[in-house]
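Participant: quick one, what's the 3D model for this:
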Amino acid sequence: MEIMADKRLFIIKVGTTFPDTMREYGDFDLWTINGLGKRRDDTGVIDAEHGDPLPDANECAGVVVTGSHDMVTDNLAWSKKVAEWLPSLLEEEVPLLGICYGHQLLAHALGGKVGFHPEGTEVGTVEINLLPECAADPLFSSLPIAFSAHATHSQTVVLLPRSTVRLAMNGFEPNHAFRVGRCAWGVQFHPEYTAEIMRSYIINGKEDLLNEGIDIRPILDSVKETPVSASILKRFSEIVTP
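Facilitator: Residues are numbered from 1 along each chain as shown. You can find the predicted model right below:
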């Protein structure tokens, strides 16, 4: 894995947050930049949802694919383009991190199966349990075997692609993280969220959650900061810029 000085870290923005959340905290790209410990000038933000062209793999020092309010199973035209592009990053061993939608899209692009979670929506600050395979993983090996993370998703990776290494789970979600190849990861949870952003998501999504029979009050009460989860983005940044 060779990192050239003229390559850039790209954030592939595949969605936009709630208007209320954006007014208070900004959008997915800003949260990701902050989580990586970068400045906006250090990164290239590609608005894939609105047709920005994707960079060639040889232009990328690393790539983060954000979350989205869309569903992978909708097979939207822009999403198909990103899915077709992702394998080129693996071929060139470009460090890659897919978050939530990005996690699911990576699995889908490599032949896995994505669909609605049979138990509905996972939302709030949840416990993540690492699997033994994390002991030698460049991104996860320094983390404790259990930690808190923010999550909000109704779709899931139902079936991981072949040749992937499952890295994390919990009692609700069996595929919270995986690795494929040497340096491509997917995480279903949100290392870029702060506690304030997580609360905003719960409040803005309360109507849909109530329709599922989910009482948001205890979920809001249990939201807390997730420093271990957040450290994953900083570690990914170190892998991109050794």
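Participant: contacts and neighbour counts: CA atoms only from here.
Facilitator: Noted.
Participant: grab the most central residue of the protein for me.
Facilitator: In the chain, the centroid-proximal residue (CA atoms, centre = their mean) is residue 99; its distance is 0.7 Å.
Participant: which residues touch that one?
Facilitator: 64-67, 186-190 (CA atoms under 8 Å, 6 or more residues apart in numbering).
Participant: mind redoing it with 7 Å?
Facilitator: Going by CA atoms under 7 Å, 6 or more residues apart in numbering, residue 99 touches 65-67, 186-190.
Participant: just the closest of those to residue 147, please.
Facilitator: Among the contacts of residue 99, residue 189 lies closest to residue 147 (CA to CA), at 11.6 Å.
Participant: run a quick neighbour tally on the spatially closest residue to that closest one that is not a sequence neighbour.
Facilitator: Nearest residue to residue 189, sequence neighbours excluded (CA to CA, 6 or more residues apart in numbering): residue 151, at 4.7 Å. When neighbours are counted by other CA atoms under 10 Å, residue 151 registers 22.
Participant: so residue 151 belongs to a strand, correct?
Facilitator: Yes - with DSSP: H, G, I helix; E, B strand; the rest coil as the criterion, residue 151 is part of a strand.
Participant: and it, bridged to which residues?
Facilitator: Note on residue 151: beta-bridge partners by DSSP bridges are residue 124.
Participant: looking at it now. What's its pLDDT?
Facilitator: Looking at residue 151, its pLDDT stands at 98.
Participant: again with residue 3
Facilitator: You'll see residue 3 listed with a pLDDT of 44.
Participant: confirm that residue 10 sits in a strand.
Facilitator: Yes - inclusion of residue 10 in a strand is indicated when three-state DSSP is applied.
Participant: does it really touch residue 64, like I thought?
Facilitator: Yes - the pair residue 10 / residue 64 is scored as a contact, 6.4 Å apart, by CA atoms under 7 Å.
Participant: give me the more crowded residue out of those two.
Facilitator: Applying other CA under 10 Å to residue 10 and residue 64 shows that residue 64 carries more neighbours, namely 28 against 22.
Participant: what are the phi and psi values at the more buried one?
Facilitator: According to degrees, to the nearest 10, the main-chain angles of residue 64 amount to phi -120, psi 130.
Participant: again with the one 4 residues further on
Facilitator: Backbone geometry at residue 68, expressed as degrees, to the nearest 10, gives phi -160, psi 160.
Participant: list the contacts of the closest residue to it other than its chain neighbours.
Facilitator: Spatial nearest neighbour of residue 68, excluding adjacent residues (CA to CA, 6+ apart): residue 15 at 4.3 Å. Residues near residue 15 by CA under 7 Å, 6+ apart: 49, 67-69.
Participant: next, residue 15: secondary structure please.
Facilitator: Quick answer, by three-state DSSP: residue 15 is coil.
Participant: same list (the contacts of residue 99) but as CSV, adding neighbour count.
Facilitator: Formatted as CSV, those follow (neighbours: other CA atoms under 10 Å):
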residue, neighbour count
65, 29
66, 24
67, 29
186, 27
187, 22
188, 28
189, 28
190, 25
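Participant: and which of the residues you listed is nearest residue 82?
Facilitator: Nearest to residue 82 among these: residue 65, at 9.3 Å, using CA to CA.
Participant: please verify my assumption that the closest one contacts residue 9.
Facilitator: No - counting by CA under 7 Å, residue 65 sits too far from residue 9 to count as a contact (11.2 Å).
Participant: got the contact list for stretch 152-170?
Facilitator: Under CA under 7 Å, 6+ apart, the answer for stretch 152-170 is 104, 107, 110-117, 120-124, 127-131, 133-134, 175-180.
Participant: no further queries at this time; thank you.
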